[in-house]
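Asker: make a model of this:
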Amino acid sequence: GGFYCDGNVYVNGTESQPVLFTRYPDSSQNWRGFVLHSNITAHFNYCLLEHCGSSNQYNHIQEAFRIYRSNEVIIENTQITDVYCRAIYIEGCDSSSDHLTLTNVSVSECGMDAIYLYATEYNVTINGLNINGCNAYPLSISANWAHQLENITLTDNANNLIRFINGGRLASQTLKNFGYPYLISGNNVEVYYTNVTILPGTVFYLENERSLDVYGTLNANGTEEHPIVFSRPPDTANYWQSIILRNNSSSAFSYCSFSYGGKTNPYGYDSCLLSNLGASSLTMQNCLFANIQAQAVCFSEMGATDTVQLENGHITNCGTDGFVCNSSNFILNVNGLQIDACGRYPLAIPPCLADNFQNLALINNTNNFIRLFSSDYLDNQVNFPNFGYPYRLEVNLTGNNGSNVTFASGCEFWIADDRILEFNGAVSAI
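Answerer: Numbers count the residues shown, from 1 in each chain. The predicted structure is shown next:
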């Protein structure tokens with residue numbers, strides 16, 4: 001049995017006299033729960049729900065609370081224990097004005113999920129939630145409502161994390177670090193023209209082919225003791241896709257670790273873990289890229305005023321390329337970059353960007369050279385430093401009128417068939 005509510009529901013106990021809903025004393029079968037239908041208001045305060053959320057005679061999943069397009073549901077100071085299936089399931093909504101508020105709610109011993117927001121547009125606010133002993137995901141919500149989470153405690157669940165089910169868009173916020181990973185699941189998460197800050201020590205797991213898409217501003221500044229982590233879920237073998245920095249966006253990363261991303265494109269195109277598609281500003285300090293299926297960092301669609309600053313970066317174990325620039329006309333400054341164990345090209349850049357690198361180390365890559373490709377024109381002052389690795393020149397090298405091109409002592413150039421070096425300005429190779 002259970003409660004099917006087509007009208008408003010108000011259940012108000014007290015701290016000393018809560019309202020108890022439980023099964024028959026002589027029964028071993030859980031009861032079903034509350035089904036809260038559309039256009040109603042429901043308020044539960046100081047309630048105990050025990051031995052509930054059973055499956056029905058057709059083995060359909062049941063919940064302690066199933067919410068279907070209810071205008072407003074408030075559950076506070078309530079304990080839900082021994083749930084055969086799920087504790088709270090939000091199935092549908094009419095608009096984001098439909099609202100669930102959970103305050104000081106505890107859930108323990110769920111056979112499946114504790115809180116599951118299937119209707120991602122349903123507005124959810126949580127302040128005080130303790131989930132213990134659930135056999136699936138304790139908290140599955142849309143990223144839309146991450147800014148409305150407070151005081152979350154998860155213990156001894158099968159997956160002790162917060163799942164962003166079907167992705168969502170992060171509102172402007174400092175994303176809270178509750179001490180549990182966030183899992184990007186089902187669809188991509190977007191920073192959609194908002195301003196998001198990620199705190200030190202925050203961990204993100206991304207499922208197979210999932211991405212974080214930045215249209216606004218993202219600040220992810222960890223510390224040496226508490227880095228920010230982007231990786232795949234433990235005990236999985238798939239690769240996630242990308243962090244995509246869109247045109248006119250802005251991002252800053254420091255002490256971040258990126259691993260097991262850059263999933264290979266099934267159509268043969270190169271995929272990249274960190275893909276800069278014209279971000280106005282990108283700064284990276286003390287960041288690690290490791291165990292990437294395809295490319296690690298790549299740049300394309302960049303504009304003349306777009307800036308990239310990278311300091312003390314490390315790229316290791318890429319399936320294809322480490323650092324790739326398909327654009328030449330942007331402001332780039334790299335100081336301290338080690339690339340090792342990459343399967344194709346550790347560094348692939350247009351010739352005009354060669355002197356934008358300092359303190360470069362290429363170690364044990366399949367091809368331990370600097371690939372020069374994409375654009376052949378040199379303007380103004382261009383220097384080719386001697387990093388101790390050959391330059392592989394795949395395009396013509398053309399110094400335009402007014403250019404001043406310098407080759408450092410000891411430079412070694414491998415030049416492709418039928419390529420020429422033409423200088424219409426000054427040139428020096430001493």
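
Asker: alpha carbons of the helix or strand where residue 311 lies, as PDB, please.
Answerer: Using DSSP states H and E, residue 311 sits within strand 307-318. Output of strand 307-318 as PDB, limited to C-alpha atoms (Å, rounded to 0.1, in the frame of the first residue of the first chain):
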ATOM      1  CA  THR A 307      46.200  35.300 -24.700                       C
ATOM      2  CA  VAL A 308      47.600  32.100 -23.400                       C
ATOM      3  CA  GLN A 309      50.100  31.900 -20.500                       C
ATOM      4  CA  LEU A 310      51.500  28.500 -19.300                       C
ATOM      5  CA  GLU A 311      54.000  28.000 -16.600                       C
ATOM      6  CA  ASN A 312      55.500  24.800 -15.200                       C
ATOM      7  CA  GLY A 313      53.300  22.300 -17.200                       C
ATOM      8  CA  HIS A 314      53.900  18.600 -17.600                       C
ATOM      9  CA  ILE A 315      52.300  16.400 -20.300                       C
ATOM     10  CA  THR A 316      53.000  12.700 -20.200                       C
ATOM     11  CA  ASN A 317      51.800   9.600 -21.900                       C
ATOM     12  CA  CYS A 318      49.700  10.900 -24.800                       C
END
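
Asker: list the buried residues for it?
Answerer: Residues 307, 308, 310, 311, 312, 313, 314, 315, 316, 317, 318 are the ones in strand 307-318 that count as buried (16 or more other Cβ atoms under 10 Å). Every C-beta, even on glycine, is put in place using the N, C-alpha and C of the backbone.

Asker: now for those: which two are most distant?
Answerer: 307 and 317 (28.3 Å; Cβ to Cβ).

Asker: show me what the lowest-mean-pLDDT helix or strand in the chain pairs with in its sheet, parallel or antiparallel.
Answerer: Counting by mean pLDDT, DSSP states H and E, the chain has its least confident helix or strand at strand 377-378, which shows a mean of 90. Next to strand 377-378 in the sheet, as set by DSSP bridges, lie strand 397-399 (parallel).

Asker: what is the mean pLDDT for the next helix or strand after the partner strand?
Answerer: Downstream of strand 397-399, the first helix or strand assigned by DSSP H and E is strand 404-407. Average pLDDT, strand 404-407: 95.

Asker: now swap in stretch 270-286 and tell me
Answerer: 96.

Asker: likewise stretch 231-242?
Answerer: Stretch 231-242 comes out at a mean pLDDT of 96.

Asker: who's in contact with that stretch?
Answerer: 183-184, 203-212, 230, 257-264, 271-275, 292-293 (Cβ atoms under 8 Å, 6 or more residues apart in numbering).

Asker: show me which of those residues are buried.
Answerer: Buried among the contacts of stretch 231-242 by 16+ other Cβ under 10 Å: 183-184, 203-207, 210-212, 230, 257-264, 271-275, 292-293.

Asker: first-to-last residue distance for stretch 163-170?
Answerer: Stretch 163-170 has its terminal residues 14 Å apart, counting by Cα to Cα, to the nearest Å.

Asker: again with stretch 182-194
Answerer: 19 Å.

Asker: I'd like the distance between residue 184 and residue 427.
Answerer: 50 Å (Cβ to Cβ, to the nearest Å).

Asker: what pairs with the strand holding residue 311, parallel or antiparallel?
Answerer: By DSSP bridges, strand 307-318 pairs with strand 281-285 (parallel), strand 288-292 (parallel), strand 331-342 (parallel).
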